[in-house]
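Q: have a look at this prediction, sequence included:
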Amino acid sequence: MNWLAWIPFLEPINWFHRWWYLLLIPLAFGISVAYKAIRVPNLNRYWWQVAIMTTQITLGVTAIGIALALFVQFAIPALTR
Amino acid sequence: MASAFASNHMTQPRPEHAKQDPRPCNPAAAIMAWIFPGLGHLYLGQRKRGWLVMFGILFLFFSGLLVGGLDAVDLKNDRLWFIAQAFNGPIAFIADFLNQALVQKKPEELRLSMIGLGHVNALATLFIALGGLLNLVVMLDALYPQERHDQPNRRSDDP
């Protein structure tokens, strides 16, 4: 992919396919920023709360991904054998 | 049995939160929250929360556009996703208009480089759809605003 030919916001970054799962981190961050802004009673420890929620989402989705991969790779072949 | 239940129900003291008046409804704040994310809370005087909501929703929206291009917002081809994306407000409709005008009307060979593929397209659509659904939560929070005593101009160590 020629980077000079890429027009941001008009063309997709299809060359990012290889690392698509890294997009989970900014996704979790954006969700946490908006959600915690209306959820926390006071904003003193807001960014700490955002960091915790971002980590929780990232680790939670990663754990679900690993569990599903193990299920598909090992459990289903064992059940269908 | 029914009368015993009714008399028991009548004599029970009501919980403390039930005695409080219901939260006032503020449709103007909810509409402003839809017109532009965060504007509803700015209108309610919750300035810091308003800016943070604006940052969060716009971060999701523009990250989605950056990853998936304008094709990530498509009323014609991804109608169900667009229902969620529409809660972002007029910016979602503007993005769809630009998509139809600048991408979808292009000849096939030019359009292929402007269309998101596979996981990248799915995640870009998801970014913007989740931003829209979060803005729906924000709109509901602005519709029934809570009493919050944020004082953005006050230092945290002030008494």
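A: Everything's here; your move. Values in this document were obtained by computation on a predicted structure and should not be read as measured data.

Q: drop to CA atoms for contacts and neighbour counts, all remaining ones
A: Will do.

Q: and the helices in chain B, which stretches?
A: Assigned by DSSP state H, chain B shows helices spanning B:2-11, B:16-19, B:27-35, B:39-43, B:47-68, B:79-85, B:90-98, B:108-111, B:118-143.

Q: and residue 24, what does it touch?
A: I went with chain A, as the question did not name one. For A:Leu24, the contacting residues are A:Thr58, by C-alpha atoms under 8 Å, 6 or more residues apart in numbering or on different chains.

Q: should've been chain B
A: Listed by C-alpha under 8 Å, 6+ apart, the contact set of B:Pro24 reads B:Tyr144, B:Pro145.

Q: same question, A:Lys36
A: Applying C-alpha under 8 Å, 6+ apart to A:Lys36 gives the contacts A:Tyr46, A:Gln49, A:Val50.

Q: how about a cut-off of 10 Å?
A: A:Leu43, A:Tyr46, A:Trp47, A:Gln49, A:Val50, A:Met53, B:Arg49, B:Leu52, B:Val53, B:Gly56 (C-alpha atoms under 10 Å, 6 or more residues apart in numbering or on different chains).

Q: swap in A:Trp20?
A: A:Asn14, B:Val67, B:Gly118, B:His119, B:Val120, B:Asn121, B:Ala122, B:Leu123.

Q: put the buried members of those into a ChimeraX selection.
A: Per 16 or more other C-alpha atoms under 10 Å in any protein chain shown, the buried members of the contacts of A:Trp20 correspond to this ChimeraX selection:
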select /A:14 /B:67,119,120,121,122,123
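
Q: state the distance from the residue minimising distance to the centre of chain B to B:Pro27.
A: Nearest residue to the geometric centre of chain B (C-alpha atoms, centre = their mean): B:Asn135, 0.5 Å. The gap separating B:Asn135 from B:Pro27 is 15 Å, by C-alpha to C-alpha, to the nearest Å.

Q: then B:Phe127?
A: Distance of B:Phe127 to B:Pro27, given as C-alpha to C-alpha: 27 Å.

Q: who has more neighbours out of those two?
A: Per other C-alpha atoms under 10 Å in any protein chain shown, whichever of B:Phe127 and B:Pro27 has more neighbours is B:Phe127, with 30 against 15.

Q: residue ranges with poor pLDDT in the chain?
A: Here I'm looking at chain A. A:1-4 (pLDDT under 70).

Q: chain B was what I was after
A: B:1-21, B:150-159.

Q: same thing but 50
A: By pLDDT under 50, the weakly predicted segments of chain B are B:1-9, B:156, B:158-159.
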